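Undergrad: Provided below are the primary sequence and the corresponding predicted coordinates.
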Amino acid sequence: MIRNYFKIAIRNLTKYRIYSFINIAGLSVGIACAILIALLVRTEMSYDRFHADHGRIYRAFQRQEHSGGNLFTDNLPGPLAAHLKEKYTGIEETARFIYGGNRALKYGDRVFNETGICMADQSFFDIFSFELKRGERSSLLSDPNSIVITESVAEKYFGDEDPIGKVMTLENLFDVTVTGVMEDMPPNTGFSRLEIMLPFKWTRELYGNPFDRWGNNWPRTYVKLADGADPSAVASQISNVLVENGQPRSFLSLQPLKDANLYLLNGEKGLIMALGVFAAIGVFILLIAGMNFVNLATARAQKRAREVGLRKVCGAAKRDLVLQFFGESVLISMIALAGAVVLAQILLPVLNSLVGRRIATDIFSDAPLMTASFAIALVTGLLSGIYPAVYLASFHPARVLKGVLSAGGGSRFRNALVVTQFAISIALIIGTTVILRQMDYMQRKDLGYDPNGLVNVYLTADAGRRLDALREEIDRGPAVLGSTAVSTLPLSSGNSSSGYDWEGREESNHPLINRVVTDHRYMEIMGMEMAAGRAFLESDAIGDSLSTPGFILNETAIRQMGLENPVGKWFDARIVRGTIVGVVKDFNFETLADEVEPLMLCIARRGISYLVVRIDTERTGDALAHIESAWNQVNPGLPFVSTFMDSDIERLYGQDMRFAKIFGYAAVLAVFIACLGLFGLVSYMAERRGREMSIRKVLGAPVSGIVLLFTRDIARSVLYANLIAWPAGWFFMNKWLSNYAYKAEIDASIFVLAGLAALAIALLTVTFQALRTARANPVDAIRNE
Amino acid sequence: MIKLRNITKFYDAGAVKTYVLRNIDLDVAEGEFITIMGPSGAGKTTLLNIIGMLDMPTEGEYLFFDEKVHSLNDRKRSALYKQYFGYVFQSFHLIDELTVYENLETPLLYKKIKGAERKSMVCDILDRFQIVGKKDLFPSQLSGGQQQLVGVARAIISNPKLILADEPTGNLHSEQGEEIMRLFKKLNAEGTTIIQVTHSEKNASCGDRIVRLRDGWIEKLQ
């Protein structure tokens, strides 16, 4: 019986090739898409779950109450980790962890600028079970001059040599000995940047800060609870530990490690929201492909009706036939699955590049993924098989064998499906357009300074010592307009504090103010405008014993501080007191997702990390060559790293851009599959109504009239689809845009254009078939009957 | 074997009821060869379909071996049908995508007959109809007569007690038609009950009795 079904299914598939192709291609693309999305979602959901004790590992974070609102951060004071382990029950182990910035690392004649340097307590490797390729886990970081590297790093410096015991040079100054080689970070870990690990004490040398004081929040603290400890009990115990140690209005909490990638520290949905959207997109695309199947199967029901009648006459019960047609849809979905797996493997590099890291290389050997794909295909086959199976199996044998089958049967249902398909497609087009508009808006928006023509030179600690010489050399260049040294690039918030004081402060006012350390050229080089007072003078520097330090604040800071006429008032930056000399107009120093925050600028030497150089954009090549040669002259042997400010800003929106791309791909696929289905549908319509068209033609209908007959229904369906897609698109995209403090306008043109684009593509698909029918010789079709 | 009492069939087309059959009373005994005749639109095929359980009467009673067919559910009716009936059509009606062999096999599949037995039954019938050489051909590769032979073969392959034939020779040359009729006579002689619909008096003469229909009424029972 199965064999009989199988044969007839295969013969039908090979006989009606276009139909089979549309179904299989559509489903293949749909399933491939679902496989890739499943892969992406799985990777993101499985973050750091490979650690043996991941269920007991938590990231500590604090909620600081400020006048402007709450700040959630995992930057914590250095003494916290040891304090927690010592004083509280239920905590088995704690470890501090901090990223080390860009550092030069050297072995023999090989020297590289390393961006993956981190520092942690020795217990880090007791909490996290990154696989160790060489070395003793128990003593990895116990020697203060030890260094642990990943396999890739080991290969880069040592090739085939055994790295253990080799001495490397850090920042041209310090010798460190390799004590361990760990596996490269897997794609699903929050420590994805970790390549090189140093003992935590190196923060003193590299950051000039041993992090041994309460009140100074920077490193992260990870906590591993004791087996069986109640997390909420521990959390409530430690909630006040920061307050008790002199950090008022700061409350400590624990976030489960498995949530770190998915949820924000304030408990709101983070990445998990995007994953939900992607999963929905996958389901939608499968839905569109499944609808093609339903549509085509019912549209060509007439062809199968006779077989149904005959089988019933031969004794088939309805159940037998339902089973047969179910089998066929599952068979098709299984063939599609084979195509989908191959397609997914081919598209894997695209996904990897979209995500920005290699999340998989070979999906064939990924058994759980293959099982899931099989399940997806099976469910798709079964779901899309239900309606056609029941519809076909319920044909009345006496009637279908007589050849009476209402030709229009189910056409309203089919139209409804077409409307749904296009509604989804149009909504995805709208989504893509809105996201792209927002991207474009963010790139064009006036940031309050001019990022074009700014080159950021990364100063490693050693190079920072020769900053004056470097700047002198760089500024001498022909295409260089000037340079300024800064602690933080205007790409993210850096250091912040709410401990500042100023003339006339209200007792309860503690706004959180960001701090940027720079030099007196900052405003001029960045191209910023002053709202009041003056820009910096050299004499405003902190530590210049001859004059009072000068501070400049931004407009938002002044507003939150509640100051009128701020210029000339005193300002206390905790250690030094000085005078407010000016107010800079607000500029965006974080992503445009966030409102401009309060900012304080001061001049000092300590903490400088970058030299920002303004160059003549007409002579970029000359300028870059000059900057690099100046670097090499002043810092021989240290790697030179520079970036363009404008591309850095673009990178800030990498996540959004990836989101836009995934959306865009989804929209293209959705439209493609929907049009495949439309093409099939119209092919059948042409076949079914061939005779009608011929008679119309004989009666004098023009070609255009016949084409119109075909396109009218489709056009109507697409227009109806807009009625669903527009409100849905508007609602969801407004929701998405609410993530941004500065956002592009959603105007009607986006909706109209999306609708028109879908209509145009649909009509293009249909017109080809319609024209063929309309141009056919009427005699052929009529004689055929 | 068959008792029809007061069988009426009409279609409700809005305000007007279109009657196809009116108050048909008919008894068929086992082993009979009955011919249903009448002009176009008299309701011949509908009557045959009702007897064959492919169609349901609007009113009336249908007893098949004392089983009340009109009140059986779908599955029981289908089971009854599978056990006793074979159907032959005017326009052959073979499944285009299946070969001769597979077409013949289909009713056996639905009767859940096991593989080996099925194979021998199909071979038997191929032998009997002398179409062994055609077993791997598709219907489109056969002549009309050959197709109808297959059609008859398929109808009788599962040894039905009753063969229903709707103008079995309608689309055949006279010579081919005669061959089919000879076959029917032989089957009837072996004990199979046959009910056929035909326009041909010559075919009718093969049977024992003729039921003449006109406008849905039984005009005459001969």
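TA: Perfect, I can see it now.

Undergrad: Which helix or strand contains the residue sitting nearest the centre point of chain B?
TA: Closest to where the C-alpha atoms of chain B average out (CA atoms, centre = their mean) is residue B:164, at 1.9 Å. Residue B:164 is part of strand B:162-166 when elements are defined by DSSP states H and E.

Undergrad: what's the answer for residue A:423, then?
TA: Per DSSP H and E: helix A:411-444 holds residue A:423.

Undergrad: Spell out which residues of the stretch 201-350 of chain A are next to chain B.
TA: Contact residues, the stretch 201-350 of chain A versus chain B (CB under 8 Å from any CB of the partner chain): A:306-307, A:309-320. In this view, the C-beta of every residue, glycine as well, is placed from N, C-alpha and C.

Undergrad: Quick check: the farthest pair among these?
TA: Spanning the widest gap among these are A:306 and A:319, at 19.8 Å by CB to CB.

Undergrad: Looking at the two, which one has more neighbours?
TA: residue A:306 (20 against 12; other CB atoms under 10 Å in any protein chain shown).

Undergrad: For residue B:211, give its distance to chain A.
TA: 19 Å (CB to the nearest CB, to the nearest Å).

Undergrad: so what's the one residue in the stretch 251-400 of chain A that gets nearest to chain B up against?
TA: Closest residue of the stretch 251-400 of chain A to chain B, CB to the nearest CB: residue A:315 (3.7 Å). Taking CB atoms under 8 Å, 6 or more residues apart in numbering or on different chains, we find residue A:315 in contact with B:78, B:81, B:82, B:107, B:110, B:111, B:158.

Undergrad: Most neighbours out of these, which is it?
TA: Highest count within the contacts of residue A:315 by other CB under 10 Å belongs to residue B:107, 26 neighbours.

Undergrad: Run a quick check on that one versus residue A:314, I expect a contact.
TA: Yes. Residue B:107 is within contact range of residue A:314, at 4.2 Å (criterion: CB atoms under 8 Å).

Undergrad: what touches both of those two?
TA: residue B:154.

Undergrad: Would you pull up how far the strand holding residue B:164 lies from the middle of the chain?
TA: Averaging C-alpha positions (CA atoms, centre = their mean, to the nearest Å) puts strand B:162-166 2 Å from its chain's average.

Undergrad: likewise stretch A:374-389?
TA: Counting by CA atoms, centre = their mean, stretch A:374-389 comes out at 31 Å from the chain centroid.

Undergrad: send the alpha carbons of that stretch over as PDB?
TA: Provided in PDB are the C-alpha atoms of stretch A:374-389 (Å, rounded to 0.1, in the frame of the first residue of the first chain):
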ATOM      1  CA  PHE A 374      13.500  16.800  10.500                       C
ATOM      2  CA  ALA A 375      10.900  17.700  13.000                       C
ATOM      3  CA  ILE A 376      10.400  21.100  11.400                       C
ATOM      4  CA  ALA A 377      10.000  19.500   8.000                       C
ATOM      5  CA  LEU A 378       7.600  16.900   9.300                       C
ATOM      6  CA  VAL A 379       5.400  19.400  11.100                       C
ATOM      7  CA  THR A 380       5.400  21.600   8.100                       C
ATOM      8  CA  GLY A 381       4.500  18.700   5.800                       C
ATOM      9  CA  LEU A 382       1.700  17.600   8.200                       C
ATOM     10  CA  LEU A 383       0.200  21.000   8.800                       C
ATOM     11  CA  SER A 384       0.200  22.000   5.200                       C
ATOM     12  CA  GLY A 385      -1.100  18.600   4.300                       C
ATOM     13  CA  ILE A 386      -4.200  18.700   6.500                       C
ATOM     14  CA  TYR A 387      -6.500  20.900   4.400                       C
ATOM     15  CA  PRO A 388      -5.600  19.500   1.000                       C
ATOM     16  CA  ALA A 389      -5.900  15.900   2.300                       C
END
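
Undergrad: gap between residue A:108 and chain B?
TA: For residue A:108 relative to chain B (CB to the nearest CB), the value is 74 Å.

Undergrad: residues touching that residue, list them.
TA: Per CB under 8 Å, 6+ apart, neighbours of residue A:108: residue A:157.
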